[in-house]
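S.K.: Quick one: sequence and predicted model below, then my questions.
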Amino acid sequence: MSDKLNENAEFDENKNALGENSETLDPPQPKLEENDNWEFDGVAHTLDDTLIENDEFEILIPKKESVSETRERPVAVKPAEEKKAPAPKTDNKNSTKFLLMAIFIVIVAGILTFFGIRYYTLPNTEEVLNPGNVAATIGDTDITIGMYNYYYNNIVNYYKQQASYGYVELDTTQSFKNQKTTDADGKEITWEKRFQNETIDQLKRLVAYYESAEKDGIELTDEQNKMIKEDIETIKTSAEKDGTPVEDYIKVNFGDYCGLNTVKKMEKMSYVAQTYLRKATIEMVPDDERVQKYYDEHKEDYQQVEMCYLVMQYDENNKADQIKKAKKYASEIKNEKQLKKLIPVVCKDLIDAYVEQGTYGDADAVAEQISSSSTMTVTKSNPNQLPQAIIDFLFDENNKKGACRTVADDDYKAVFIVLKNSDIGVHDEQVYSVRHILIMPESDQADDDDNTETAEPTKEQWNAAMEKANKILTEYNSGKRSEYEFAKLAEKYSGDTASLSTGGSNYGGLYANTPLGQMVKEFEGWATDKNRAYGDVEIIKSQFGYHIMYFISNGPAYLSECKMAVQVEMEDEFVDSIKVKTHKGAMKKTTVAKPDTANDGNAANSAAEAAIQQQAAEATTAAASEETTASDAESATDLQEDATEIVLD
């Protein structure tokens, strides 16, 4: 269930810590452990560009003032008349200030001389947190250029893929800085800026949970450490099969300045953050008052209508004729039965096409399939990509149940015959949320030929299962007795893999917002009991075994949906509380997406392939000119822009 990252690269022993063959003295690099218990020494966190105001640092060096004094030539005086000159006045405050500044300048100069300006300004793939390699600081965590590029490339490739499917309006062959889109608030921005913003948002979310996990004492498990090691070995193997040095393989597939240490670091942060996220999601429970307030403020979003519809395709030649026919059919429809009766006539072209393909069998089978899928419930907040004209018709209170209209849409190249099959209401179907730990009795395999059957459990096997369930319940009762602790026990003991992280998208034995009729009667009966209170725990028996039940909630679906929406709000508030600062000098070296180029007159076969080809070209260019010719003046400018932590009064 957990998201894994990809893999890393080894570094050329003939190269210095900056990845270059250099005769100059480079600073000592931190020793990287290579054993199986790898652990990242530095504290590195994800960063974003959203809260930057003065991401600069200025050293105020007092200017020398050329003071030329005109003195008269000395005149001989009598020794007896010699007088002492008055002591000059001193400003102790200014003297101390200039002395401290002089000391600071000497220290900075000494550091730069000893380590070299390049150490502070050049990125690296080893995750060394020198100023030139830190693109942003999120919370207390430094985000390196390699980490930023990894997330940035993932986001760009995602949108390129979406564009290839036609889900977003994005021309991948044109400059992204000239194409407009909108951000989460509906504000118009360029696609280039959207890529940057979403990269920062993802890193910000990662850091928010990672830092909280560290404060909570969460560490990598042995299994997670094992998976990270396996991922690194997979990268090395893939690079070897590809005939590419591992550092080049990582650069092409994950981004510039990504290395093996980058992958290790990101995987560690991801696993630790994910562990904390599970806990936070369970414990971040809104109170009933906030849920009700949210519903009152968003009531229209939870309105829904049931509709039935049929579709008639058209082209430029028969558009008018198809619309005319659709209107005639709509005038004859008063209820769902009458609409479905017209399917063989209205949908004849579609039925013939499916019959020819052999998808559903004969015409009757195809008509039955169309009939079963022609009814749907539409929520105002989730219109399922239906034309807006249909949504407007359905949610107009003047249109009562049984009203039938036609809606022509050129984007779909179709005319819809839409029947309003219910009045406007809310999704009040009863649902429930519980966790459970299933202990199944161990059964002997039946004595048959194909060995696929199992014998009915014996009484002794049922008793053993009951005993095990009681021991687990005792273990739970002797601990903190929280929902999170119950979830951890479910992950450890439950036989129902569908409700665990190992078998699906759930965690900790969870069945959330479950409608009636989905589970066995013993399970459902316990979960829907109106006398239940949050945190109730009990063992029940069903045909599958013993269920250690944990009650969360039951009630109408719309309130459960509101609760989930409020939880999302709470999570966003938590993430938004994290401060973000970007570092201009290092950010200049991060990846900026380039448009895809034609290949023999054709675009790349896929967005992902195009992105990898683009990265490979950029990597080759960068390798040839990786700032090896940068002047000291340019390096000093980058150092000024990056050293944001030093402040002089």
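M.R.: Great, that's in hand.

S.K.: can you give me the helices for the stretch 501-649 of the chain?
M.R.: 521-527, 557-576, 584-587, 607-624, 632-642 (DSSP state H, counting those that start in this stretch).

S.K.: Okay, Ser164 and Asp352: tell me how far apart.
M.R.: Ser164 sits 31 Å away from Asp352, going by Cβ to Cβ, to the nearest Å. No exception for glycine: its C-beta is placed from N, CA and C like everyone else's.

S.K.: Also Ala557?
M.R.: With distances taken as Cβ to Cβ, Ala557 is found 39 Å from Asp352.

S.K.: where in the stretch 501-649 of the chain is pLDDT low?
M.R.: Low-confidence segments of the stretch 501-649 of the chain (pLDDT under 70): 598-649.

S.K.: do that again at 90, thanks
M.R.: Low-confidence segments of the stretch 501-649 of the chain (pLDDT under 90): 502-506, 597-649.

S.K.: ok, for the residue nearest the centre of the chain, nearest residue in space, not its chain neighbours?
M.R.: Centroid-nearest residue in the chain: Gln202, 5.0 Å away (criterion: Cα atoms, centre = their mean). In space, and not counting its chain neighbours, Gln202 is closest to Tyr151: 5.2 Å by Cβ to Cβ, 6 or more residues apart in numbering.

S.K.: Hmm, the one you found is touching Lys204, no?
M.R.: No: counting by Cβ atoms under 8 Å, Tyr151 sits too far from Lys204 to count as a contact (10.4 Å).

S.K.: what about the two, which has more around it?
M.R.: Using other Cβ atoms under 10 Å, the more surrounded residue of Tyr151 and Lys204 is Lys204, with 26 against 23.

S.K.: Surely the more buried one and Ile138 touch.
M.R.: Yes: Lys204 is within contact range of Ile138, at 5.4 Å (criterion: Cβ under 8 Å).

S.K.: ok, back up a step: can I assume the residue nearest to Gln202 sits in a helix?
M.R.: Yes: inclusion of Tyr151 in a helix is indicated when DSSP: H, G, I helix; E, B strand; the rest coil is applied.

S.K.: pLDDT score for it?
M.R.: Tyr151 is assigned 95 on the pLDDT scale.

S.K.: got it, and Gly146?
M.R.: Note for Gly146: predicted pLDDT of 95.

S.K.: That one is in contact with Leu260, isn't it?
M.R.: No: using Cβ under 8 Å, Gly146 is not in contact with Leu260, being 10.4 Å away.

S.K.: what sits in contact with each of the two?
M.R.: Shared contacts of Gly146 and Leu260, defined by Cβ atoms under 8 Å, 6 or more residues apart in numbering, are found at Thr125.

S.K.: The two: which is more packed in?
M.R.: With neighbours defined as other Cβ under 10 Å, Gly146 and Leu260 compare such that Gly146 has more, 30 against 24.

S.K.: Can you give me the end-to-end span of stretch 364-380?
M.R.: 34 Å (Cα to Cα, to the nearest Å).

S.K.: Mind listing what's buried along that stretch?
M.R.: The neighbour-count check on stretch 364-380 (16 or more other Cβ atoms under 10 Å) flags Val366, Ala367, Gln369, Ile370, Ser371, Ser374, Val378, Thr379, Lys380 as buried.

S.K.: what are the bridge partners for Met307, then?
M.R.: Beta-bridge partners for Met307, by DSSP bridges, are Met376, Lys420.

S.K.: hmm, back to that, just the buried residues of stretch 364-380: which are in strands?
M.R.: Val378, Thr379 (DSSP state E).

S.K.: For Ser164 and Asp352, work out which one has more neighbours and name it.
M.R.: Taking other Cβ under 10 Å, Ser164 and Asp352 do not tie; Ser164 has more neighbours (18 against 12).

S.K.: Next, give phi and psi for the more buried one.
M.R.: For Ser164, the backbone dihedrals (degrees, to the nearest 10) come out as phi -70, psi -30.

S.K.: Same check on the one 5 residues further on?
M.R.: Here the main-chain torsion angles of Glu169 (degrees, to the nearest 10) amount to phi -90, psi 90.

S.K.: OK, contacts around it?
M.R.: Contact partners of Glu169, counting by Cβ under 8 Å, 6+ apart, are Ala163, Thr181.

S.K.: three-state assignment of Ala135?
M.R.: Going by three-state DSSP: Ala135 is strand.

S.K.: just to revisit the earlier point, would you mind giving the buried residues of stretch 364-380 as a markdown table with distance to Tyr546 and pLDDT added?
M.R.: Rendered in a markdown table, the data for the buried residues of stretch 364-380 read as follows (distance: Cβ to Cβ, whole Å; pLDDT from 0 to 100):
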| residue | distance to Tyr546 | pLDDT |
| --- | --- | --- |
| Val366 | 46 | 91 |
| Ala367 | 47 | 91 |
| Gln369 | 41 | 90 |
| Ile370 | 45 | 90 |
| Ser371 | 43 | 92 |
| Ser374 | 43 | 92 |
| Val378 | 42 | 90 |
| Thr379 | 38 | 86 |
| Lys380 | 43 | 80 |
